[in-house]
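[1] Build me a model from this:
(2 chains)
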Amino acid sequence: MPNPKRRHSQQRSAKRRTHYKATVDTLSTDKTTGEMHLRHRAHWVENQLFYKGRVVMEKAVKEAAADESNEAE
Amino acid sequence: MEAVARLRNYPTSPRKMRLLVDVIRGMHVEKALAFLKFNAQHSSIPLEKLLVSAISNWKNKNEGVDESDLIVKTVFVDGARTLKRMMPAPQGRAYQKKKRSNHVTLIVDTKVITNKKSNDIENNDTLITK
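    Take a look at the predicted model:
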């Protein structure tokens, strides 16, 4: 079986790892909310889902559920 | 005036922590926060908290000062306590397994453009003349 001839130095590993870096995702700023977000991705601001500066979805309001429970009593 | 925040004994290896820390260094604070928020690596979570803490430390120190120019002035990762564990190895031996942890020190400050640039130019000149 082939084996490494020599132990390699710490410097050698460190040099190899100089190119090992975290990737930086491109972020853009929403024109209505001013929040930073990933490109082509929607983002939440105060229970509203924004995409391309428009509200796409809203979170269900919890008050409605509370009212129902009161009626049941 | 600069403000410091420290993260002590966070249980991940310094190498993994440095991956993100190297990106943040010198970055504008808002951009760094957004980068950490959307990063998939687990060490981005404590780093984000640390940066938020450093910013609020800075705000407490400098009340009423404009915060739009805040940057991550210095960040570095140091090795911390290492837990030693045993790893079974062939032929009745045991290898040591190191469970590393790290300290992170983060300093935020307002960007001083004029001083830094003049310093850089001076340094460059001296380098060239040498």
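
[2] Can you list the buried residues in stretch B:30-41?
    Buried residues in stretch B:30-41, counting neighbours by 16 or more other C-beta atoms under 10 Å in any protein chain shown, are found at B:32-36, B:38-39. (Each C-beta comes from the backbone N, C-alpha and C, glycine too.)

[3] got the contact list for whichever residue of chain B sits closest to chain A?
    Of all residues in chain B, B:Ala34 sits closest to chain A, at 3.8 Å by C-beta to the nearest C-beta. Contacts here follow C-beta atoms under 8 Å, 6 or more residues apart in numbering or on different chains; on that basis B:Ala34 touches A:27, A:36.

[4] Pretty sure it sits in a helix.
    Yes: under DSSP: H, G, I helix; E, B strand; the rest coil, B:Ala34 sits within a helix.

[5] quick revisit: can I get the buried residues of stretch B:30-41 in JSON lines including pLDDT?
    Shown next, in JSON lines, are those (pLDDT from 0 to 100):
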{"residue": "B:Ala32", "pLDDT": "95"}
{"residue": "B:Leu33", "pLDDT": "94"}
{"residue": "B:Ala34", "pLDDT": "94"}
{"residue": "B:Phe35", "pLDDT": "94"}
{"residue": "B:Leu36", "pLDDT": "95"}
{"residue": "B:Phe38", "pLDDT": "93"}
{"residue": "B:Asn39", "pLDDT": "93"}
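
[6] And those, which is closest to A:Asp25?
    B:Phe38 (5.8 Å; C-beta to C-beta).

[7] Who are the contact partners of the nearest residue to the closest one once chain neighbours are set aside?
    Excluding the flanking residues, the one nearest B:Phe38 by C-beta to C-beta, 6 or more residues apart in numbering or on different chains is A:Leu38, at 5.4 Å. Taking C-beta under 8 Å, 6+ apart, we find A:Leu38 in contact with A:25-27, B:38.

[8] Show me just the buried residues among these.
    Counted by 16+ other C-beta under 10 Å, the contacts of A:Leu38 give A:27, B:38 as buried.

[9] quick one: which two of the contacts of A:Leu38 are the most distant?
    A:Thr26 and B:Phe38 (10.1 Å).

[10] any idea of the pLDDT on the most far-flung residue of chain B relative to its centre?
    Centroid-distance maximum for chain B: B:Gln91 at 42.7 Å, with C-alpha atoms, centre = their mean. The model reports B:Gln91 with a pLDDT of 96.

[11] related to what we said a few turns ago, okay, and the beta partners of the residue nearest to B:Phe38?
    For A:Leu38, the beta-bridge partners are A:Leu27 (DSSP bridges).

[12] What of the one 5 residues further on?
    With beta bridges defined as DSSP bridges, A:His43 has these partners: A:Phe50.

[13] B:Val4 too?
    Beta-bridge partners recorded for B:Val4 (DSSP bridges): B:Ile107.

[14] I'd guessed it sits against B:Leu106; true?
    Yes: using C-beta atoms under 8 Å, B:Val4 makes contact with B:Leu106 at a distance of 7.1 Å.
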